[in-house]
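A.B. asks: This is the structure alone, sequence omitted:
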DNA sequence: TTCCTCAATCTTGTATGGTAGATGCCTGAC
DNA sequence: GTCAGGCATCTACCATACAAGATTGAGGAA
């Protein structure tokens, strides 16, 4: 049995944050679920205080909704919020590939090719967890190559909302498609084709658009 | 004498958040200043608990740095952070004007012209506070016209860092320049000139670039 | 049966005390 | 004079107790 104590963090509060975030993003705690400081405190064997502070952090990240004197609930997913998180992500990532394609470092192509090769290996091994990690790393690396890795943290914050949706659509295997799109993006960058890289990134990010309406139909209770 | 009690918020904790945020953004609390839960609690006449929770919120917003068991300090401004906040803002606002220029609503031009007229009145009256409010409203309105007002909240969060810098450069009167640039943006949008509107927005946002290095020279202690 | 009232019992918000870790000064040895 | 060690004192962290608003359901009146 893993305990919250196993998570190596500075403070109890941060451990609870990590544990709860995982539970929410992985949909173990479902949108609409009501939780209370006392419950979580008992579950993790700590007092209400660190749990309360964890709630505050998670509420600021948009995962919880604290209703004063009433209760705290796992926030339902806002379709509009998802849409705008995508907008934010697309805005930034488009600007990122522009910069990278316009001024690619000497080793950019090699780094990206290596990541794509890793992804193909993970895909062959059907290691979906690692595949997703590498997918995220691909985009993060682009941000790093553009010199704005900090901006990726911003996307990362908002990506949690998107991840919850993604978690509901597992089995919709699109690994091969994603790898192909990554290859196109990397190729355009290697050629210094700014407009082409931008278009490829828009196509890559836009693909998920269709899944949202489908997911809302399948799990209407999880959305606002 | 205004008290923290005057701020109309649900909880004490949120009132303290508002009060401290104002003090920090207005540079009444300066980067590097050391504060403690006890001090602030005594100053505002509340217990340490709500202050502590306020600290957590402000730390997540990047205004405070909590050093466990040591102290809490007003975070120094990171030039790199400012640079990337600008990158984020430019990424999103460029995408916004593209959308608006590509598909301007019937009344977009009239709304923007009205805002610009207000700004000219504020500028004539030398009401810099209102001018700044209107400047912000102009950009926020663009986001609303693009259907992504939510995304503006994101910019707003990161804008606090930029505002601290801006507060140090008061007196550098550039109101007329800003109004002129707003006029150009509005005109390009009215003409449906997507590329022109994008270029105008980039020029508008890029203008502040020079001020940062100057400000770092003037107030080196406030930067990392 | 329906609706109103009210109290038991939830919830989060606030106050306070104690704990552990980090800092810095102060003292004493060399 | 210099440096090392210890202790006073600061900090944020956590636990506990109390306060107050909100919900819910039972019970009585119409």
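C.D. replies: Thanks, I have the structure now. Not measured: the values here are computed from a predicted model.
A.B. asks: give me phi/psi at the residue lying farthest from the centre of chain A?
C.D. replies: Distance from the C-alpha centroid of chain A peaks at residue A:69, with 31.3 Å (CA atoms, centre = their mean). The phi and psi torsions at residue A:69 (degrees, to the nearest 10) take the values phi 60, psi 0.
A.B. asks: Over to the one 4 residues further on?
C.D. replies: The phi and psi torsions at residue A:73 (degrees, to the nearest 10) take the values phi -120, psi 150.
A.B. asks: contacting residues around residue A:53?
C.D. replies: A:13, B:52, B:53, B:56 (CB atoms under 8 Å, 6 or more residues apart in numbering or on different chains). Just so you know, the C-beta spots here come from the backbone N, C-alpha and C atoms, and that holds for glycine as well.
A.B. asks: for the residue positioned nearest the centre of chain A, what are its contacts?
C.D. replies: The C-alpha lying nearest the average C-alpha coordinate of chain A belongs to residue A:159 (CA atoms, centre = their mean; 3.5 Å). Contacts for residue A:159 were tallied using CB under 8 Å, 6+ apart; they are A:85, A:89.
A.B. asks: element containing it?
C.D. replies: Assigned by DSSP states H and E, residue A:159 belongs to helix A:149-168.
A.B. asks: So what's the gap between that helix and the chain middle?
C.D. replies: How far helix A:149-168 lies from its chain's middle: 3 Å, per CA atoms, centre = their mean, to the nearest Å.
A.B. asks: Could you give me the buried positions within the next helix or strand after it?
C.D. replies: Remark: after helix A:149-168, the chain's next helix or strand is helix A:175-190, criterion DSSP H and E. Neighbour-count burial for helix A:175-190, with 16 or more other CB atoms under 10 Å in any protein chain shown as criterion, is recorded at A:175, A:178-179, A:181-190.
A.B. asks: How much space separates the nearest residue to residue A:209 once chain neighbours are set aside from DNA strand D?
C.D. replies: Distances taken as CB to CB, 6 or more residues apart in numbering or on different chains place residue A:86 nearest to residue A:209, at 7.7 Å, with adjacent residues excluded. From residue A:86 over to DNA strand D the distance is 33 Å, taken as CB to the nearest atom of the strand, to the nearest Å.
A.B. asks: and the angle for the helix or strand hosting residue A:86 with helix A:149-168?
C.D. replies: Using DSSP H and E, residue A:86 maps to helix A:79-102. With axes from the mean of the first three to the mean of the last three CA atoms, to 10 degrees applied, the angle from helix A:79-102 to helix A:149-168 works out at 130 degrees.
A.B. asks: which parts of the next helix or strand after helix A:79-102 are buried?
C.D. replies: Beyond helix A:79-102 in the direction of the C-terminus, DSSP H and E gives the next helix or strand as helix A:108-124. Of all the residues in helix A:108-124, those buried under the rule 16+ other CB under 10 Å are A:108, A:111, A:112, A:115, A:116, A:118, A:119, A:120, A:122, A:123.
A.B. asks: Now do helix A:108-124: which elements does it pack against?
C.D. replies: Identification of packing neighbours for helix A:108-124 by 3 or more CB pairs under 8 Å, 6 or more residues apart in numbering or on different chains; DSSP states H and E yields helix A:128-145, helix A:175-190.
A.B. asks: and residue A:74, how far is that from DNA strand D?
C.D. replies: In this view, residue A:74 and DNA strand D are 16 Å apart by CB to the nearest atom of the strand.
A.B. asks: Residue A:143 now?
C.D. replies: 29 Å.
A.B. asks: how many neighbours does the nearest residue to that residue once chain neighbours are set aside have?
C.D. replies: Closest residue to residue A:143 apart from its sequence neighbours, by CB to CB, 6+ apart: residue A:152 at 4.0 Å. Look at residue A:152: counted by other CB atoms under 10 Å in any protein chain shown, it has 22 neighbours.
A.B. asks: Hmm, residue A:140 and residue A:152 touching each other?
C.D. replies: Yes. Look at residue A:152 against residue A:140 with CB atoms under 8 Å: they come within range, at 5.0 Å.
A.B. asks: for residue A:71, phi and psi?
C.D. replies: Per degrees, to the nearest 10, the backbone of residue A:71 is at phi -170, psi 170.
A.B. asks: Not counting sequence-adjacent ones, nearest residue to it?
C.D. replies: residue A:34 (5.2 Å).
A.B. asks: Next up, phi/psi of the nearest residue to residue A:174 once chain neighbours are set aside, please.
C.D. replies: Once flanking residues are discounted, residue A:174 sits nearest to residue A:207: 7.6 Å by CB to CB, 6+ apart. Main-chain torsions, residue A:207, degrees, to the nearest 10: phi -60, psi -30.
A.B. asks: could you measure residue A:207 against residue A:129, distance?
C.D. replies: Plainly put, residue A:207 is 21 Å away from residue A:129 if you go by CB to CB, to the nearest Å.
A.B. asks: and residue A:52, helix, strand or coil?
C.D. replies: What DSSP: H, G, I helix; E, B strand; the rest coil gives for residue A:52 is helix.
A.B. asks: On the three-state scheme, residue A:66 is what?
C.D. replies: Using three-state DSSP, the structure places residue A:66 in strand.
A.B. asks: Spell out which residues of chain A are next to chain B.
C.D. replies: Listed as neighbours of chain B in chain A under the rule CB under 8 Å from any CB of the partner chain: A:10-11, A:52-53, A:56-57, A:60, A:68, A:80-81, A:84, A:87-88, A:90-92, A:94-95, A:148, A:150-151, A:154, A:158.
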